[in-house]
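S.K.: Kindly return the folded structure for what I paste below:
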Amino acid sequence: MTHLPAPAPEALAVSRQLSQKIADEIAARDGWIPFSRFMELALYAPGLGYYAAGSRKFGEAGDFVTAPEMSPFFAACLARQLAELLPQTDGVIYEFGAGTGRLAADLIAELKALGVAVKGYKIVDLSPELIERQRDTLADHLDLVEWLAELPDAIDGVVIGNELLDAMPCELIHWSDAGPLRRGVTVEHGAFAFADREIDDARLAELARRYDPRLPGYVSEISLANRGFVRDLAARLSRGAILLIDYGYGEREYYLPERRMGTLIGHYRHHTVHDPFYLPGLMDLTCHVDFTAIAETGLEAGLDLIGYLNQAQFLVNCGLTGLLAERLDAADTVPYARAVSAVQKLVSPTEMGEFFKVIGFGRGVAIDWLGFADGDRCHTL
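M.R.: Numbering: from 1, shown residues only. Sure, this is the predicted structure:
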């Protein structure tokens, strides 16, 4: 892919080392691994995977820009939702996959300004490089912040996951003339290649039959990891709320006939890459979220499904319009234009506003939440 920026020699060396590690595992497992395992290694292999090595991921010099990095108004709105929920809990915020720590820092500051007590801010992240950046960003709040290596046994507070679910390894399914097959990865002529096998996982086979698009040659994703994460969260949530923000669709939209090649995509230096085998360890791999699966899993686990809507409506419900009027001075033309441009990306239906969705679950807290007051779409799931 000659149009893409060339990696630095040291980065390329890491990618080649990871590629060899993956190839060795494929050879040790009868020449084939499920795509979910390839994605897991590409993203999280210790010291080599995209989120486990030192490559820069966020911002202009990275591979993508997230909403908290784009505009402080994202955190300002989210803080107003948390201000409603935290007093109903033990007052602890849990953030999974905290990126650079920008959202955490902004939320702590906003909640303090709102007079809301934050007992603690616990971050669960798998990336050593990002944890170091989080420590720098949160230098003024280290008395509140704690880093955890895994899910706590019990959660009494508010859980946040922004662009978390899309980075969990997904299964690829190929619906062929012979029925659904599990797509995996092999090595052919020294390069990674797709190869299909029978589905040997009972739950995955059941889901593949349920989603059958009846279009031979159709390929899409099923995320067992997303379901497992929500199930684990629910098992640990004694009281509180879960807010998950990500790009995706409900089931009926996810498996539309025209989406016959699925949603799996790579992000490299602000370029979209359709080859998932490009520079393992240097490229982010993601797939869209099936929010019907998330909702069903939460309900099956005994959580209250509070709401589901697009990001734009959630931010508006949380007071975005008033915050803009309060904090921006139109006479200060350059900062004003920059701030408005960033907010437009958060709410525009052609950008993040419709593309991103917000889903909320609760247990032992009130079910009327500010962020879902208008425009709820649970009926579409």
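
S.K.: which phi and psi does the residue located most distally from the centre of the chain have?
M.R.: Each residue of the chain has a distance to the centre, and by C-alpha atoms, centre = their mean the biggest one is for residue 331: 37.1 Å. Note on residue 331: its backbone torsions stand at phi -70, psi -20 [degrees, to the nearest 10].

S.K.: Relative to residue 337, how far out is it?
M.R.: 12 Å (C-beta to C-beta, to the nearest Å). Bear in mind the C-beta positions are built from the backbone N, C-alpha and C, glycine included.

S.K.: before we move on, what about residue 162?
M.R.: Residue 162 is 26 Å from residue 337, by C-beta to C-beta.

S.K.: before we move on, what about residue 246?
M.R.: 29 Å.

S.K.: in the stretch 201-350 of the chain, which spans are helices?
M.R.: 202-210, 224-236, 251-254, 291-300, 311-317, 320-327, 333-347 (DSSP state H, counting those that start in this stretch).

S.K.: repeat for the stretch 51-200 of the chain
M.R.: Under DSSP H, counting those that start in this stretch, the stretch 51-200 of the chain gives helices at 67-70, 72-85, 102-113, 128-137.

S.K.: what packs against the longest one?
M.R.: With contacts taken as 3 or more C-beta pairs under 8 Å, 6 or more residues apart in numbering; DSSP states H and E, helix 72-85 sits against helix 67-70, helix 102-113, strand 155-162, strand 237-249, helix 311-317, helix 320-327, helix 333-347.

S.K.: Let me have the ones you listed in a markdown table, extended by distance to residue 28, mean neighbour count and mean pLDDT.
M.R.: Formatted as a markdown table, the helices and strands packed on helix 72-85 follow (distance: least, C-beta to C-beta, whole Å; neighbours: other C-beta atoms under 10 Å; pLDDT from 0 to 100):
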| stretch | distance to residue 28 | mean neighbour count | mean pLDDT |
| --- | --- | --- | --- |
| helix 67-70 | 40 | 21 | 94 |
| helix 102-113 | 40 | 20 | 98 |
| strand 155-162 | 33 | 23 | 98 |
| strand 237-249 | 34 | 22 | 98 |
| helix 311-317 | 43 | 24 | 98 |
| helix 320-327 | 52 | 13 | 96 |
| helix 333-347 | 45 | 14 | 93 |
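
S.K.: Now those in JSON lines, please, with extra columns for distance to residue 122.
M.R.: Formatted as JSON lines, these follow (distance: least, C-beta to C-beta, whole Å):
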{"stretch": "helix 67-70", "distance to residue 122": "17"}
{"stretch": "helix 102-113", "distance to residue 122": "10"}
{"stretch": "strand 155-162", "distance to residue 122": "8"}
{"stretch": "strand 237-249", "distance to residue 122": "12"}
{"stretch": "helix 311-317", "distance to residue 122": "23"}
{"stretch": "helix 320-327", "distance to residue 122": "27"}
{"stretch": "helix 333-347", "distance to residue 122": "26"}
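
S.K.: Out of the ones you listed, which gets nearest to residue 7?
M.R.: Comparison of these against residue 7 by C-beta to C-beta identifies helix 67-70 as nearest, at 22.4 Å.

S.K.: got a list of contacts for the closest one?
M.R.: The contact list for helix 67-70, computed with C-beta atoms under 8 Å, 6 or more residues apart in numbering, reads 58-59, 74-75, 99-100, 102-103, 106, 162-163, 245, 311, 342, 345-346, 352, 356.

S.K.: what about this structure, any weak spots by pLDDT?
M.R.: Across the chain, the ranges flagged by pLDDT under 70 are 1-2, 54-64.

S.K.: go again using 90 as the cut-off
M.R.: Within the chain, the ranges that satisfy pLDDT under 90 run 1-6, 52-65, 126-130, 149-152, 178, 214, 269-270, 329-331, 333-335.

S.K.: Identify the single longest helix in it, thanks.
M.R.: Taking DSSP state H as the criterion, the chain has its longest helix at helix 9-28.

S.K.: So which elements touch that one?
M.R.: Against helix 9-28 (3+ C-beta pairs under 8 Å, 6+ apart) you get strand 33-34, helix 35-44, strand 179-188, strand 191-197.

S.K.: Include mean neighbour count and distance to residue 131 when you put these into CSV, please.
M.R.: Formatted as CSV, the helices and strands packed on helix 9-28 follow (neighbours: other C-beta atoms under 10 Å; distance: least, C-beta to C-beta, whole Å):
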stretch, mean neighbour count, distance to residue 131
strand 33-34, 20, 28
helix 35-44, 23, 14
strand 179-188, 19, 29
strand 191-197, 15, 29
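
S.K.: between those, which gets nearest to residue 151?
M.R.: Using C-beta to C-beta, the nearest of those to residue 151 is helix 35-44, at 15.5 Å.

S.K.: Contacts for the closest one next, please.
M.R.: So helix 35-44 is contacted by 18, 21-22, 25, 49-52, 126, 167, 169-172, 183-185, 192, 194, 224-225, 276, 280-281, 283-285 (C-beta under 8 Å, 6+ apart).

S.K.: I'd like to know which of these are buried.
M.R.: 18, 21-22, 49-52, 126, 167, 169-172, 183-185, 192, 194, 224-225, 276, 280-281, 283-285 (16 or more other C-beta atoms under 10 Å).

S.K.: Just send the helices and strands packed on helix 9-28 back as CSV, with distance to residue 258 too.
M.R.: Output for the helices and strands packed on helix 9-28, formatted as CSV (distance: least, C-beta to C-beta, whole Å):
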stretch, distance to residue 258
strand 33-34, 26
helix 35-44, 22
strand 179-188, 19
strand 191-197, 21
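
S.K.: Give me the number of neighbouring residues for residue 29.
M.R.: Neighbour count of residue 29, defined by other C-beta atoms under 10 Å: 12.

S.K.: hmm, back to that, so which of the helices of the stretch 51-200 of the chain is nearest residue 29?
M.R.: Here helix 128-137 is closest among the helices of the stretch 51-200 of the chain (C-beta to C-beta), at 27.2 Å.

S.K.: Check which helices and strands that closest one sits against.
M.R.: helix 102-113, strand 145-148.
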